[in-house]
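Peer 1: Let me see the structure of the following:
(one chain, ligands or ions: 2)
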Amino acid sequence: MLSPPFPDEVPTHPLLIIDYQLLQEGDAGETERLWEAARKLGFWYLKNHGIEEEASRMFNMGQEMMRLPLEEKMKYGSGNDGRSFGYKAAGSTAIDVSGQQDTIEYVNVSKDDALAYPNIVHCTYPSTVNKGMESTITPFVTKSPHVNDMILEILNDKLGLPKGMLTNLHPKDEYGGSEARTTKNPPGYAPDRMAIGAHMDFGSLSFLHNRLGGLQVLPPGYKECQYVKPIPGHTICNVGDALSLFSGGILRLNLHRVLPPPGLQSHLDRYSLVFFTRPGNSVILRALVEDSPLITEAVRSTLGKNFESGKTAKEWFTRWVKY
Ligand SMILES: O=C(O)CCC(=O)C(=O)O
Ligand SMILES: [Fe+2]
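Peer 2: Ligands and ions are numbered 1, 2, ... in the order given. So this is what the prediction gives:
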């Protein structure tokens, strides 16, 4: 179904558009633009990524899953023990210091669980998720990391790291926090009521499919958040906290949040879909200072910031989800 367009009169923040096809061909100009986007804003559009069809099936799965009774979905809740995988009901987190609640519900499906299905690695999921595990979720969580891996390889080389270093921090043979998230935010809230409060993503790279507006970023130097306009066929990619830390802060970790979509889109249910690439569970989160003079210099010249978390990705992730 065709949705009403994002309103022309609402100001938006332009992101650089990166062509995945050109990156694959090794185009030097495109590689340079990715490097610029990842350092200056930490957000960019990605086109020609080839995951449209898989994403579309994920949207359908998400819609079907959200139609289940709340009671049924709550059986698969991610709970309070710091686990992200599973279902999160609307209103279960605070979006600001006043304690105002979020309005978004989502289900996070672990890449490990999808690939091991019907075996269980982390947790179980609602029937609608299981039904689509092999036909819908597995293709999505298999293809999305390919795209992110290629981007990681390029950033690895631009950071002056030894070949394959960033990829090796996301090993295929170790469990980790990588997951697919489908979200739903219903209409009817005030236009300024945050669906998801201002946050930065946990992990290395986030790969977001948006059909409706609502996502906002706080660009460097701005006082107010700005909308990012959804463009058909373009995903939105952003740098997460682990990758920013590995890079000694060279790759930008940027604040963002979600509001109800503006204009005529505000009458619709807003669904979104994200794939989060995260490091292997045992990877220590710290700046890779021994492996790149560029990172050594970045850390040396940034005063007052701790680039040694002293934690593994699993410990960090658990802490992050909990609080
Ligand atoms: O739904 C969106 O546009 C963004 C979602 C997001 O930022 C997140 O899930 O971390
Ligand atoms: Fe996010």
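
Peer 1: hey, let's count contacts and neighbours off CA atoms from now on
Peer 2: OK.

Peer 1: count of residues packed around residue 300?
Peer 2: Per other C-alpha atoms under 10 Å, the neighbour tally for residue 300 reads 12.

Peer 1: how near is it to ligand 1?
Peer 2: Going from residue 300 to ligand 1 by C-alpha to the nearest ligand atom, to the nearest Å gives 30 Å.

Peer 1: Kindly report the same for residue 268.
Peer 2: Distance from residue 268 to ligand 1, by C-alpha to the nearest ligand atom: 14 Å.

Peer 1: Give me the nearest residue to that residue, chain neighbours excluded.
Peer 2: Excluding the flanking residues, the one nearest residue 268 by C-alpha to C-alpha, 6 or more residues apart in numbering is residue 187, at 5.7 Å.

Peer 1: Quick one: residues contacting the one you found.
Peer 2: Applying C-alpha atoms under 8 Å, 6 or more residues apart in numbering to residue 187 gives the contacts 260, 266, 267, 268, 269, 270.

Peer 1: again, only using 7 Å
Peer 2: Contact partners of residue 187, counting by C-alpha atoms under 7 Å, 6 or more residues apart in numbering, are 266, 267, 268, 269.

Peer 1: Report the spatially closest residue to the second one, excluding sequence-adjacent ones.
Peer 2: Setting aside the residues directly before and after it, residue 267 is nearest to residue 187 in space (C-alpha to C-alpha, 6+ apart), at 5.4 Å.

Peer 1: Who is the residue of the stretch 101-250 of the chain found nearest ligand 1 paired with across the strands?
Peer 2: Relative to ligand 1, the nearest point of the stretch 101-250 of the chain is residue 215 (4.4 Å; C-alpha to the nearest ligand atom). In this entry, residue 215 is beta-bridged to residue 258, by DSSP bridges.

Peer 1: Assess the claim that it and residue 227 are in contact.
Peer 2: Yes - Residue 215 lies in contact with residue 227 (C-alpha atoms under 7 Å); the separation is 5.8 Å.

Peer 1: show me where the stretch 51-200 of the chain has strands.
Peer 2: 86-88, 105-110, 179-185, 196-199 (DSSP state E, counting those that start in this stretch).

Peer 1: Does ligand 1 have contacts with the last one?
Peer 2: No - contact check for strand 196-199 against ligand 1, using C-alpha under 6 Å from any ligand atom: none in range, with a minimum separation of 7.2 Å.

Peer 1: what do you get for the first one?
Peer 2: No - counting by C-alpha under 6 Å from any ligand atom, ligand 1 has no neighbours in strand 86-88; the shortest distance is 11.4 Å.

Peer 1: That strand packs against which elements?
Peer 2: Here strand 86-88 touches strand 105-110, going by 3 or more C-alpha pairs under 7 Å, 6 or more residues apart in numbering; DSSP states H and E.

Peer 1: Swap in 8 Å and give it another go.
Peer 2: helix 70-74, strand 105-110 (3 or more C-alpha pairs under 8 Å, 6 or more residues apart in numbering; DSSP states H and E).

Peer 1: Save the ones you listed as JSON lines, and put in mean neighbour count too.
Peer 2: What follows is the helices and strands packed on strand 86-88, written out as JSON lines (neighbours: other C-alpha atoms under 10 Å):
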{"stretch": "helix 70-74", "mean neighbour count": "13"}
{"stretch": "strand 105-110", "mean neighbour count": "25"}
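
Peer 1: Redo the contacts of residue 187 as JSON lines? Include neighbour count and distance to residue 130.
Peer 2: Listed next are those as JSON lines, based on neighbours: other C-alpha atoms under 10 Å; distance: C-alpha to C-alpha, whole Å:
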{"residue": "266", "neighbour count": "22", "distance to residue 130": "31"}
{"residue": "267", "neighbour count": "15", "distance to residue 130": "30"}
{"residue": "268", "neighbour count": "16", "distance to residue 130": "27"}
{"residue": "269", "neighbour count": "16", "distance to residue 130": "23"}
